[in-house]
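Student: Give me a 3D structure for the following:
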Amino acid sequence: MQTIDDYQARYQALESVRFRRDASGLILFDLDTAALSATFSLQGAQLLSLQRAGQAPLLWLSERALFAPGRAIRGGIPFCWPWFGPAPDGSGKPAHGFARSVPWRLTSLMAEEGAWVVRFQLSDNADTRALWPHSFEASLTYQLGSSLRVDFCVVNLDPTPFSMSYAFHSYFPVSDIRQVEVAGLDGCRYIDQLRGMQYLQQQGALRFDGECDRIYLDAGGEYLLRDPLAGRELLIQTEHCASAVVWNPWQDKAARLADMDDSAFQNMLCIECGNVADNRIVVPGGGAHTSAILLRYR
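Tutor: The predicted structure follows:
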């Protein structure tokens, strides 16, 4: 396991990058240039914040987010893998898998053709195999430029197939959840997790007047988050992501979350692209799976 001293030594020539350890011991690093500022956590290979010069923040991070080893950080883009939601075997293992709560290796950090490229890797070990008995090599690669692109790749190192589900659990800031809408889901089937897992069909743009927890299946892969009060639109494009999960806890559930202000539900929305539920992925022995999301204001 590499230490903060290892990373500082390796990337000391990059004046725009600063590594630090927070009070809990987590290693974070900040990227600060004339064009953008961003913060990453090595735990979960998680992008916590990103803001381009002259633009609103692209991601929402809870003011009460808990930073602790093994604890998911509420905000940014946690990566939920190798399962989304409760563990599929009903064993009581961590919800949303282990990828977001274990340290990843930072393997590359460089400026390249007008963008910063940040790459993380995660390999199976005794701890991951105790939760999920498979051998793998996974990577998350971020490209931060005029837009944000995040690529996921996993290679199955076993001779036999494994099944998995996952989502880029993206948190976005909004001016007022009651005033925004999500386009691109019209006609899609979805599982309503607040109505006994019923299968329903979306009619028109999605708007919000209460708690929302829906898994959209076989979705189109391109969505538009419209925020008229802020005068902006966020375009979300995906590759090889058949699902879109839309979540807002609303007032009652937000009040029960220790890492979220009671009123914060009004200014955030999760649109989580990936492959979950009926869109689970089977990776053959020796095979690989890739996907990506692309985010930009327009």
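
Student: which residues of the stretch 151-298 of the chain fall in strands?
Tutor: Using DSSP state E, counting those that start in this stretch, the strands found in the stretch 151-298 of the chain span residues 162-164, 166-168, 171-173, 181-183, 189-192, 198-201, 206-207, 212-216, 222-227, 232-239, 243-248, 268-275, 281-283, 288-297.

Student: quick one: contacts for the closest residue to Ala68 other than its chain neighbours?
Tutor: In space, and not counting its chain neighbours, Ala68 is closest to Ser24: 4.6 Å by C-beta to C-beta, 6 or more residues apart in numbering. The way it works is simple: take the backbone N, C-alpha and C, and place the C-beta from them, glycine included. Residues near Ser24 by C-beta atoms under 8 Å, 6 or more residues apart in numbering: 67-69.

Student: Repeat that for Ile215.
Tutor: Ile215 makes contacts with 190-191, 193, 243-245, 276-277, as judged by C-beta under 8 Å, 6+ apart.

Student: next one: Trp81
Tutor: For Trp81, the contacting residues are 97, 99-100, 138, 152, 154, 164-166, by C-beta under 8 Å, 6+ apart.

Student: Mind doing that once more with 6 Å?
Tutor: Shown in contact with Trp81 (C-beta atoms under 6 Å, 6 or more residues apart in numbering): 97, 99, 166.

Student: Please apply the same query to Gly285.
Tutor: So Gly285 contacts 156, 158-161 (C-beta under 6 Å, 6+ apart).

Student: I'd like to know how far it sits from Pro69.
Tutor: 33 Å (C-beta to C-beta, to the nearest Å).

Student: Just list whatever residues bridge to the nearest residue to His134 once chain neighbours are set aside.
Tutor: Counting by C-beta to C-beta, 6+ apart, His134 lies nearest to Phe162, which is 4.6 Å off, once chain neighbours are set aside. Counting by DSSP bridges, Phe162 is bridged to Val283.

Student: dump the residue contacts of Phe162.
Tutor: Neighbouring residues of Phe162 by C-beta under 6 Å, 6+ apart: 134, 156, 283.

Student: So for the residue nearest to the second one when sequence neighbours are not counted, what's the pLDDT?
Tutor: Yep, that's Asn156 we're talking about. Spatial nearest neighbour of Asn156, excluding adjacent residues (C-beta to C-beta, 6+ apart): Val283 at 4.4 Å. pLDDT, Val283: 98.

Student: unless I'm mixing things up, Val283 is touching His289, no?
Tutor: Yes: between Val283 and His289 there is a contact at 5.0 Å, judged by C-beta atoms under 6 Å.

Student: and the gap between Asp124 and His289?
Tutor: 15 Å.

Student: Over to Leu185?
Tutor: 24 Å.

Student: Contact partners for the closest residue to Ile236 other than its chain neighbours?
Tutor: Distances taken as C-beta to C-beta, 6+ apart put Tyr223 closest to Ile236, at 4.5 Å, once the chain neighbours are dropped. Contacts for Tyr223 (C-beta under 6 Å, 6+ apart) come out as 182, 184, 236.
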